[in-house]
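> Predicted model follows, preceded by the sequence.
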Amino acid sequence: MKKVYKKQYLLYSLALTLLASCGGPAEKKTAAADSTSTVNATAPDAKNFDGNVNGKAVKLYTLKNSKGASVAIANYGGRVVSLLVPDSKGTLTDVVLGYDSLKTYQKPKEPFFGAIIGRYGNRIAKGKFSLDGKAYQLDINDGVNTLHGGFKGFYAQVFDAVQANDSTLNLTYVSKDGEGGYPGTLTTKVTYTFGSDNSLKIAYTATTDKTTVVNLTNHAYFNLNGAGDSTILDNVVKIDADNITPVDTTLIPTGKLQPVKGTPFDFTTAKAIGTNINDKDEQLKNGKGYDHNFALNKHDISKSVATVSSPKTGIVMDIYTDEPGLQFYSGNFLTGATHDGKGGKAYPHRSAFCVETQHFPDAPNQPTFASTVLKPGQTYHTTTIYRFGTK
């Protein structure tokens, strides 16, 4: 009996040894996998935005909610510098491109990252329009046209800022009569509100003392894979628009509407941005990709007009607006030539997209487009919401 017991004991010990040796590598493998988990993204250091531009103080403000998501906004240009929202695993991801310092936002030919655009978002043909029989000439800063307000549009101005609470930032800017060639002193207020549902609400109001034109928007560059990811071609887009406003070779609308059905511009059913972006198409050639105004079917802010999602992160962005148009831009002029993006990253060709809610481009010269004229005694008001969730 003793010999049998001893033999069983030895076999049992051997089995334990084998199990331990088999289990060891598996445990190490699991530990290694856990160590590669994604780290939460962080906003740039606010100290790098302390400065003075045109005699006015600049600062970086942070709005946050109880879920740990946040948005950082500089009052220089009213710029959305970072937007941290959770991906499908709960990891905070920065979904907007930008820079780590005020100085970098001031570099020549900076592409309007995250800025409030005014007085007039998008293009005005040859920088000319007439009001009440008087002709006006604006800055020419985009070939033969005016783009985003001219050389010193709102993107280059310092807004007066008041942070009401953790979730609300009020920005005010007074544009003097004649600034950029525009008539009237325009007083603009932009309110950013960051909600508990991870929504960024942007409410614009403006008044004038002289008849003028106004078309305000925000120029955030998004990548739902995360800022600094090399592409947005896999981001999936749906836009509730049956028509676009086709453009000429200088990206000025022809004044007509063009149905999207049967063209690369049909996003009425969700598809990846890269699906048709390189198709042979005159409008894609003119825009060097997507850089077009979509005439929205509905725009009463009760229903999303567009949805974008990332298969990599699971992040979904729904867009709500009361504006009639949406400029969808696929980052065609980004080059990645420098590594001065947040965290020293480069932003290469088509590594971001913009979805700018707006009245139509060149509306002051297009009688068939909704008017952008604002008169004394009237109040311009429009609201856009970017709401983030996950699949």
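Done, it's in.
> just checking, Asn48 touches Asp100?
Yes. Using CB atoms under 8 Å, Asn48 is in contact with Asp100, at 5.8 Å. Heads up, the C-betas are built off the backbone N, CA and C, glycines and all.
> Among these two, which residue is more densely surrounded?
Asp100 (20 against 15; other CB atoms under 10 Å).
> Pretty sure Gly228 sits in a strand.
No. Using DSSP: H, G, I helix; E, B strand; the rest coil, the assignment for Gly228 is coil, not a strand.
> could you list every residue that touches the residue lying closest to it once chain neighbours are set aside?
Nearest non-adjacent residue to Gly228, counting by CB to CB, 6 or more residues apart in numbering: Lys345, 3.7 Å away. Contacts for Lys345 were tallied using CB atoms under 8 Å, 6 or more residues apart in numbering; they are 227-228, 339.
> Distance to His381 added to those residues, as TSV?
Formatted as TSV, those follow (distance: CB to CB, whole Å):
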residue	distance to His381
Ala227	31
Gly228	35
His339	41
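> which of the residues you listed has the most neighbours?
For those, the largest neighbour count, defined by other CB under 10 Å, is 25 neighbours, found at Ala227.
> hang on, it packs against Gly98?
Yes. The criterion here is CB under 8 Å, and Ala227 meets it with Gly98 at 7.2 Å.
> So for those two, which residues contact both of them?
Shared contacts of Ala227 and Gly98, defined by CB under 8 Å, 6+ apart, comprise 82, 341-342.
> who does the closest residue in space to Thr193 that isn't next to it in sequence bridge with?
Spatially, and ignoring its direct neighbours in sequence, Thr193 is nearest to Lys201 (4.3 Å; CB to CB, 6+ apart). Using DSSP bridges, the bridge partners assigned to Lys201 are Thr193, Ile385.
> residue contacts, Lys201?
Contact analysis of Lys201 by CB under 8 Å, 6+ apart lists 191-195, 383-385.
> do that again at 10 Å, thanks
Listed by CB atoms under 10 Å, 6 or more residues apart in numbering, the contact set of Lys201 reads 167-168, 191-195, 301, 320, 383-387.
> what's the answer for Gly226, then?
Contacts of Gly226 by CB under 10 Å, 6+ apart are 38, 41, 87, 91, 93-96, 310, 312-313, 315, 345.
> So how do I select the buried members of those in PyMOL?
Buried residues within the contacts of Gly226, by 16 or more other CB atoms under 10 Å, are selected in PyMOL with:
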select buried, resi 41+87+91+93+94+95+96+310+312+313+315+345
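> Can you tell me which of the contacts of Gly226 end up in strands?
93-94, 315 (DSSP state E).
> Which one of those residues is nearest to Gly153?
Distance to Gly153 across the ones in strands among the contacts of Gly226 (CB to CB) is lowest for Asp94, with 25.1 Å.
> What pLDDT does the model give that closest one?
At Asp94, the pLDDT value in this model is 98.
> What of Asn54?
So Asn54 comes in at 91 (pLDDT).
> how many other residues sit next to it?
Asn54: 10 neighbours (other CB under 10 Å).
> Which single one of the contacts of Gly226 is nearest to His219?
Of the contacts of Gly226, the one sitting nearest to His219 (CB to CB) turns out to be Val96, at 10.3 Å.
> okay but that closest one is in contact with Ala115, surely?
No. Here Val96 lies out of contact with Ala115, judged by CB atoms under 10 Å, at a distance of 11.3 Å.
> Common neighbours of those two, please.
Contacts common to Val96 and Ala115, judged by CB under 10 Å, 6+ apart, are 79-80, 220.
> So which of those residues belong to strands?
The strands, defined by DSSP E, take in 79-80 from the shared contacts of Val96 and Ala115.
> Any chance of the shared contacts of Val96 and Ala115 in a markdown table with pLDDT, distance to Ala270 and neighbour count as columns?
Formatted as a markdown table, the shared contacts of Val96 and Ala115 follow (pLDDT from 0 to 100; distance: CB to CB, whole Å; neighbours: other CB atoms under 10 Å):
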| residue | pLDDT | distance to Ala270 | neighbour count |
| --- | --- | --- | --- |
| Arg79 | 98 | 29 | 26 |
| Val80 | 98 | 25 | 27 |
| Ala220 | 98 | 21 | 25 |
